[in-house]
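Enquirer: What follows is a predicted protein model with its sequence.
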Amino acid sequence: MINGLISAEENTRLVHCASDCTQLVRTPGPPVQRGSTVLLSDAKAIYDHKQVTYGRSGLATQTALSAALADLEGAEQAFLYPSGLAAITGALMAICSAGDELLVSDCVYGPTRRFINGTLARYGVTARYFSPTEGATDVAARITPATRAIFLESPGSLSMDMMDVPGISVAARARGVLTIIDNTWAAGVLFKPLARGVDISIQSLTKYVCGHSDVFMGMAAASGEAARLLARGTQEIGWAVSPDDAYMALRGLRTLHTRLAQHGASALAVAQWLAAQPEVAEVLCPALADSAGQAIWARDFSGICGLFSFVLKVEYADRVDAMLDGLSLFGLGYSWGGFESLAIPCDPQFAGRTCSGRFEGPVVRIHIGLEAVPDLTADLRRGLDQLDHGRCAERQKLRATG
């Protein structure tokens, strides 16, 4: 007996119970294989790094997800990270060294900018920002001998600026400079960066791939030397995701095209509706015919997702919060790509950017979820009504006190 409870033989049997995994039945999805230790076939295999020797590098679920994402992006390999931001920081740390310079589109995701200006700067990497409205020739003219990479985001996730990504990539490659793009807006479906000359395509899988606002994950896809650098960075820093999260991402990936088509169709309908509203000065949606980036979008993209912005007329600059507080179907919160519609004010994030002051009035970003379009436009109408309603109430109050 051990501590008067069970026999030594029974204890050993319990430790080794359920160790035979050869009888797994086939299911539509891969098994959620949890394990840190990998039991190898023989002693020689312990140091054979051509095979999986430790669970952090990914087991059945992570391997299946990586393969599916590599296929989606047209890459040799796709690497998984615990968030979209981690995919961005992981990729930049994998390719940059002290003394390197980054050229960065000024419309990039705010946390990307924070990492570049903070952690990356402390490690001796310099960043120079350029306006996303610059063409490929202008961006190429900024390349110096120290330039290691150009970081792009198109459309910009707030201002929706479109960039000539293929043109910039061709110019960069001719000078031995890598190009990296945050491709989350296109979800790996609507735009294929690697096929257009980009070296590394990054997605926040938290958004459309997972699709239900309940999983954090990111991905960086690449081929050739860029993939080798990402592989080394992943191994050395120890990036890893759980098998349960990987399974959720795989589940979302199976319905990605269907959901994305619905998001896009609804977003276009809402964007067209907003363009006709008297309180709206401009709709920032690249699929609209009068959009500044429409020609690039039509050339490079196969559709739109649910994310776009709109500009209110300048007289409503002090009423944005009232408009947002008047919404009920649209949640007020960060992120996007899930089943639900969301809205945020953008102007606080424009400080210090080239787009600051470019728009007539305040900018609101919305994500169109899977709700019915008439319900969403009715909710937006209620929010827009608060703009003038609040003004009228203020005027009445002033008259009453005056």
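Expert: Noted; the coordinates are in hand.
Enquirer: Name the next helix or strand following the helix or strand of the chain with the lowest mean pLDDT along the chain.
Expert: Of all helical and strand segments in the chain, the minimum by mean pLDDT, DSSP states H and E falls on helix 8-15, at a mean of 68. Later in the chain than helix 8-15, the nearest helix or strand by DSSP states H and E is helix 60-73.
Enquirer: For the stretch 151-300 of the chain, which segments count as helices?
Expert: Counting by DSSP state H, counting those that start in this stretch, the stretch 151-300 of the chain has helices at residues 165-174, 224-237, 243-254, 256-275, 294-300.
Enquirer: In terms of pLDDT, where does the nearest residue to residue 358 once chain neighbours are set aside sit?
Expert: Leaving out its chain neighbours, the residue that sits closest to residue 358 by C-beta to C-beta, 6 or more residues apart in numbering is residue 159, at 7.9 Å. Heads up, the C-betas are built off the backbone N, CA and C, glycines and all. pLDDT, residue 159: 93.
Enquirer: What is the neighbour count of residue 159?
Expert: By the measure other C-beta atoms under 10 Å, the count of residues near residue 159 is 25.
Enquirer: so how far is residue 218 from it?
Expert: Applying C-beta to C-beta, to the nearest Å, the value for residue 159 to residue 218 is 22 Å.
Enquirer: where does the stretch 301-402 of the chain have low pLDDT?
Expert: Residue ranges of the stretch 301-402 of the chain with pLDDT under 70: 390-402.
Enquirer: swap in the stretch 51-200 of the chain?
Expert: 53-55.
Enquirer: hmm, 80 instead?
Expert: 51-58 (pLDDT under 80).
Enquirer: which residues in it form strands?
Expert: Remark: strands assigned in the stretch 51-200 of the chain by DSSP state E, counting those that start in this stretch are 77-81, 101-105, 126-130, 147-153, 178-182, 200-204.
Enquirer: can you list those in a markdown table and add mean neighbour count?
Expert: What follows is the strands of the stretch 51-200 of the chain, written out as a markdown table (neighbours: other C-beta atoms under 10 Å):
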| stretch | mean neighbour count |
| --- | --- |
| strand 77-81 | 24 |
| strand 101-105 | 23 |
| strand 126-130 | 17 |
| strand 147-153 | 23 |
| strand 178-182 | 25 |
| strand 200-204 | 30 |
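Enquirer: Is it possible to get a markdown table of the ones you listed that adds distance to residue 71?
Expert: Output for the strands of the stretch 51-200 of the chain, formatted as a markdown table (distance: least, C-beta to C-beta, whole Å):
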| stretch | distance to residue 71 |
| --- | --- |
| strand 77-81 | 8 |
| strand 101-105 | 27 |
| strand 126-130 | 33 |
| strand 147-153 | 23 |
| strand 178-182 | 18 |
| strand 200-204 | 13 |
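Enquirer: Compare those strands and report which one is nearest to residue 268.
Expert: Minimum separation from residue 268 across the strands of the stretch 51-200 of the chain (C-beta to C-beta) falls at strand 147-153, 21.2 Å.
Enquirer: Give the other helices and strands that that closest one contacts.
Expert: Applying 3 or more C-beta pairs under 8 Å, 6 or more residues apart in numbering; DSSP states H and E, we find strand 147-153 packed against helix 84-95, strand 101-105, helix 165-174, strand 178-182.
Enquirer: Now the last one - C-alpha only, PDB.
Expert: Extracted C-alpha coordinates of strand 178-182, given in PDB (Å, rounded to 0.1, in the frame of the first residue of the first chain):
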ATOM      1  CA  LEU A 178      11.600  42.700 -47.600                       C
ATOM      2  CA  THR A 179       8.000  43.700 -47.600                       C
ATOM      3  CA  ILE A 180       5.500  42.700 -44.800                       C
ATOM      4  CA  ILE A 181       1.800  43.300 -44.900                       C
ATOM      5  CA  ASP A 182      -0.900  43.200 -42.200                       C
END
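Enquirer: For that strand, what is the distance to the chain centroid?
Expert: Counting by C-alpha atoms, centre = their mean, to the nearest Å, strand 178-182 is centred 13 Å from the centre of its parent chain.
Enquirer: From the contact counts, what lies against it?
Expert: Using 3+ C-beta pairs under 8 Å, 6+ apart: strand 178-182 touches helix 84-95, strand 147-153, helix 165-174, strand 200-204.
Enquirer: Report the angle between the first one and strand 147-153.
Expert: Comparing the axes of helix 84-95 and strand 147-153 via axes from the mean of the first three to the mean of the last three C-alpha atoms, to 10 degrees yields an angle of 160 degrees.
Enquirer: In PDB, list the C-alpha atoms belonging to helix 84-95.
Expert: Only the C-alpha atoms of helix 84-95 are listed here, as PDB (Å, rounded to 0.1, in the frame of the first residue of the first chain):
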ATOM      1  CA  GLY A  84      -2.400  39.100 -34.100                       C
ATOM      2  CA  LEU A  85      -0.100  41.600 -32.400                       C
ATOM      3  CA  ALA A  86       2.200  38.800 -31.500                       C
ATOM      4  CA  ALA A  87       2.400  37.800 -35.100                       C
ATOM      5  CA  ILE A  88       3.400  41.300 -36.000                       C
ATOM      6  CA  THR A  89       6.000  41.600 -33.300                       C
ATOM      7  CA  GLY A  90       7.200  38.100 -33.900                       C
ATOM      8  CA  ALA A  91       7.800  38.700 -37.600                       C
ATOM      9  CA  LEU A  92       9.500  42.000 -37.000                       C
ATOM     10  CA  MET A  93      11.800  40.600 -34.300                       C
ATOM     11  CA  ALA A  94      12.600  37.700 -36.600                       C
ATOM     12  CA  ILE A  95      13.900  39.800 -39.500                       C
END
